[in-house]
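Peer 1: with the sequence up front, the predicted model follows.
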Amino acid sequence: MAGLMIAATAIAEELPLFTTNPDDVNGLTGLLTVVPVTRPTIPPSSDEATTR
């Protein structure tokens, strides 16, 4: 539901939608530009490394 609200905002403001889940807005591609992005890998912080 939240994803559709974000998509509706992008449509209303005529902005592209950058998402890591382009399949979630599959039916809306005629209404907005969907830009698929990859989720970045976040390395563990130094605090996490010392507690393991």
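Peer 2: Noted; the coordinates are in hand. Numbers count the residues shown, from 1 in each chain.
Peer 1: mind saving the C-alpha coords of the top helix by length along the chain as PDB?
Peer 2: The longest helix of the chain (DSSP state H) is helix 2-12. Output of helix 2-12 as PDB, limited to C-alpha atoms (Å, rounded to 0.1, in the frame of the first residue of the first chain):
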ATOM      1  CA  ALA A   2       2.800   2.500   0.900                       C
ATOM      2  CA  GLY A   3       4.500   1.700  -2.400                       C
ATOM      3  CA  LEU A   4       1.400   2.700  -4.300                       C
ATOM      4  CA  MET A   5       1.200   6.000  -2.400                       C
ATOM      5  CA  ILE A   6       4.800   6.700  -3.300                       C
ATOM      6  CA  ALA A   7       4.000   5.900  -6.900                       C
ATOM      7  CA  ALA A   8       1.000   8.200  -6.900                       C
ATOM      8  CA  THR A   9       3.100  11.000  -5.600                       C
ATOM      9  CA  ALA A  10       5.700  10.500  -8.300                       C
ATOM     10  CA  ILE A  11       2.900  10.500 -10.900                       C
ATOM     11  CA  ALA A  12       1.300  13.700  -9.500                       C
END
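Peer 1: partners of the next helix or strand after that helix, with directions?
Peer 2: The element immediately downstream of helix 2-12 (helix or strand, assigned by DSSP states H and E) is strand 17-19. For strand 17-19, the paired strands and their directions (DSSP bridges) read strand 34-36 (parallel).
Peer 1: mind giving me the packing neighbours of the longest helix of the chain?
Peer 2: For helix 2-12, the packing partners by 3 or more CB pairs under 8 Å, 6 or more residues apart in numbering; DSSP states H and E come out as strand 17-19. Where C-beta positions appear, they are placed from N, C-alpha and C, glycine not excepted.
Peer 1: in the strand it packs on, which residues are buried?
Peer 2: L17, T19 (16 or more other CB atoms under 10 Å).
Peer 1: before we move on, the earlier item: list the buried residues of the longest helix of the chain.
Peer 2: Buried-residue list, helix 2-12, by 16+ other CB under 10 Å: A7, A10.
Peer 1: where does pLDDT dip in this structure?
Peer 2: For the chain, applying pLDDT under 70 flags the ranges 48-52.
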